[in-house]
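J.: this is a predicted model, with the sequence first.
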Amino acid sequence: MSSIYFNDEHNAFRQLVRKFVETEINPHIEAWEEAGIFPAHDLFKKMGDLGLLGLTYPEKYGGGGVDYWYQVILMEEIGRAHASGPPLGIAVQTDMATPALAENGSEALKQKYLVPAIAGDKVAAIAVSEAGAGSDVAAIKTWAKRDGDDYLINGSKMWITNGTQADFLCLLARTSDEKGFRGMSLFVVDTDLPGFSVSRKLDKLGHRSSDTAILAFDDVRVPVANRIGAEGMGFILQMRQFQRERLAGSLLALGGMENIVRQTIAYCRERETFGQPLIDNQYIHFRIAELLTEIEALRQLCYHCVRLYAAGEDATKEVSMAKLKGGRLAREVADTCLQVHGGMGYVEEYPLARYFRDARLMSIGGGADEIMLGIIAKYEEILPRRKKI
């Protein structure tokens with residue numbers, strides 16, 4: 001990797017993470033895919049022992065206190081795993097369920113939840129989406145009603161990654177009758193509380209080794225002290241958390257795309273048709289060169305987002321662009337590489353079928369392509385301002 005972004009310490013860290021993926025994740029992928037779940041507690045504890053789960057968080061909570069480029073390396077390298085389920089679960093732990101807690105949670109909440117999450121002793125999940133409110137976060141219906149020193153939470157959440165294994169949730173719920181986003185708050189919710197239940201684990205097209213669940217809340221009593229930030233600020237805090245989530249997803253996609261393209265190059269060098277290796281076909285090596293160019297362009301956009309994020313700038317537009325491009329490019333890479341493999345790409349013995357399924361989520365999860373386009377259009381002021389009546 002370029003010395004412009006990464007020094008010797010960064011590169012040594014990359015080798016550490018790559019070895020971890022090769023020894024602790026890839027050998028178990030087939031079994032985890034068959035089981036429809038990976039052992040998050042076991043895997044996260046191993047990562048916690050290596051200091052991989054809180055790289056950018058303060059050392060006082062067990063974090064690494066290092067620059068965000070270490071997190072870039074972590075996402076790129078775990079994205080190279082032979083299935084996308086475990087990497088997504090890891091990213092939820094590091095970049096989706098804990099950033100708001102780390103930035104806005106009380107000291108007591110950080111000690112109780114962030115410290116064990118970084119150590120790998122507790123598994124976290126982000127509970128925002130609902131059956132009727134996926135990309136439209138402002139439409140959520142789960143309620144948290146104040147009752148003395150507690151809130152009573154009622155409702156359900158859907159599409160929750162790590163949902164069957166999570167020890168706690170970072171949950172967004174309504175706390176007032178105000179319409180839209182103004183009446184929402186963020187909470188840390190233990191999953192061993194009375195009234196909480198996992199309705200069922202979802203059977204998905206891809207990410208099969210990731211447990212995705214529907215969760216139910218029936219008068220779940222949560223202390224007021226478990227609220228992250230002020231009441232009514234939940235939507236805003238979650239939107240900030242989304243930026244880190246979407247950037248992490250784009251970086252994961254980079255690793256997966258490059259990995260599958262490199263595997264395709266190796267296959268085309270070995271596979272012969274009409275007396276010559278497939279790679280000698282001009283269309284094929286030109287098409288692969290084109291994909292690598294697109295991947296590199298996405299990488300540079302992601303790295304630009306990282307620079308903005310690290311500088312404390314608003315990177316919402318650029319991160320939305322990266323996620324949009326990442327989702328669409330992942331589908332293009334999957335389709336092209338499968339086509340080059342021909343029939344071999346259509347069978348489970350080769351990695352293409354799994355990648356083809358897994359890659360499709362990028363344009364849906366964490367905000368669909370259409371949401372990203374809307375954000376970009378808003379920031380670019382493409383639409384005319386509507387006059388108030």
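T.: Everything's here; your move. Residues are numbered from 1 along each chain as shown.
J.: what lies in contact with stretch 130-138?
T.: Here stretch 130-138 makes contact (CB atoms under 8 Å, 6 or more residues apart in numbering) with 128-129, 139-142, 155-159, 172, 180-181, 214, 235, 238, 367-368, 370-371. From N, CA and C alone the C-beta is placed, and that goes for glycine too.
J.: could I get the full set of helices for the stretch 51-200 of the chain?
T.: Along the stretch 51-200 of the chain, counting by DSSP state H, counting those that start in this stretch, helices occupy 68-78, 85-91, 99-104, 107-109, 115-119.
J.: would you mind putting those helices into JSON lines with distance to residue 346 and mean neighbour count alongside?
T.: Converted to JSON lines, these look like this (distance: least, CB to CB, whole Å; neighbours: other CB atoms under 10 Å):
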{"stretch": "helix 68-78", "distance to residue 346": "27", "mean neighbour count": "24"}
{"stretch": "helix 85-91", "distance to residue 346": "21", "mean neighbour count": "27"}
{"stretch": "helix 99-104", "distance to residue 346": "39", "mean neighbour count": "22"}
{"stretch": "helix 107-109", "distance to residue 346": "48", "mean neighbour count": "13"}
{"stretch": "helix 115-119", "distance to residue 346": "40", "mean neighbour count": "22"}
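J.: all strands of the stretch 151-300 of the chain, in order?
T.: Applying DSSP state E, counting those that start in this stretch to the stretch 151-300 of the chain gives strands spanning 168-174, 184-190, 196-201, 212-223, 227-228, 272-273, 276-277.
J.: buried ones in the longest one?
T.: For strand 212-223, the buried set under the neighbour-count rule, 16 or more other CB atoms under 10 Å, comprises 212, 213, 214, 215, 216, 217, 220, 222.
J.: so which bits of stretch 333-343 are buried?
T.: For stretch 333-343, a neighbour-count test (16+ other CB under 10 Å) marks 333, 334, 336, 337, 338, 340, 341 as buried.
J.: for residue 353, state which of those residues is nearest.
T.: Closest approach to residue 353 among those (CB to CB): residue 338, at 7.5 Å.
J.: list the contacts for that closest one?
T.: Counting by CB under 8 Å, 6+ apart, residue 338 touches 345, 346, 352, 353, 356.
J.: again, 7 Å this time
T.: If a contact means CB atoms under 7 Å, 6 or more residues apart in numbering, then residue 338 has 345, 352, 356 as its contacts.
J.: then the first one would be within a helix, right?
T.: So the one you mean is residue 345. Yes - assigned with DSSP: H, G, I helix; E, B strand; the rest coil, residue 345 falls within a helix.
J.: re the thing from before, quick one, which of the helices of the stretch 51-200 of the chain is nearest to residue 246?
T.: Of those, the one closest to residue 246 (CB to CB) turns out to be helix 85-91, at 10.6 Å.
J.: for this protein, what are the low-confidence residue spans?
T.: For the chain, the stretches with pLDDT under 70 are 1-2, 180, 386-389.
J.: quick one: the longest helix along it to helix 68-78, angle?
T.: Secondary structure of the chain per DSSP state H: the longest helix is helix 234-270. Using axes from the mean of the first three to the mean of the last three CA atoms, to 10 degrees, the direction of helix 234-270 lies 50 degrees away from that of helix 68-78.
J.: out of the buried residues of stretch 333-343, which are inside helices?
T.: Mapping the buried residues of stretch 333-343 onto helices (DSSP H) picks out 333, 334, 336, 337, 338, 340, 341.
J.: quick one: the fourth one and residue 266 touch, right?
T.: Okay, so that is residue 337. No - at 11.4 Å, residue 337 does not count as touching residue 266 under the criterion of CB atoms under 7 Å.
J.: what do those two both touch?
T.: Common contacts of residue 337 and residue 266 (CB under 7 Å, 6+ apart): none found.
J.: touching, residue 124 and residue 166? I think so.
T.: Yes - Residue 124 is within contact range of residue 166, at 6.1 Å (criterion: CB under 7 Å).
J.: coming back round to it: mind giving me JSON lines with the ones in helices among the buried residues of stretch 333-343 and columns for distance to residue 260?
T.: As requested, those are exported to JSON lines (distance: CB to CB, whole Å):
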{"residue": "333", "distance to residue 260": "6"}
{"residue": "334", "distance to residue 260": "7"}
{"residue": "336", "distance to residue 260": "10"}
{"residue": "337", "distance to residue 260": "6"}
{"residue": "338", "distance to residue 260": "9"}
{"residue": "340", "distance to residue 260": "11"}
{"residue": "341", "distance to residue 260": "10"}
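J.: which one of those sits closest to residue 289?
T.: For these, the minimum distance to residue 289 (CB to CB) is 11.8 Å, reached by residue 336.
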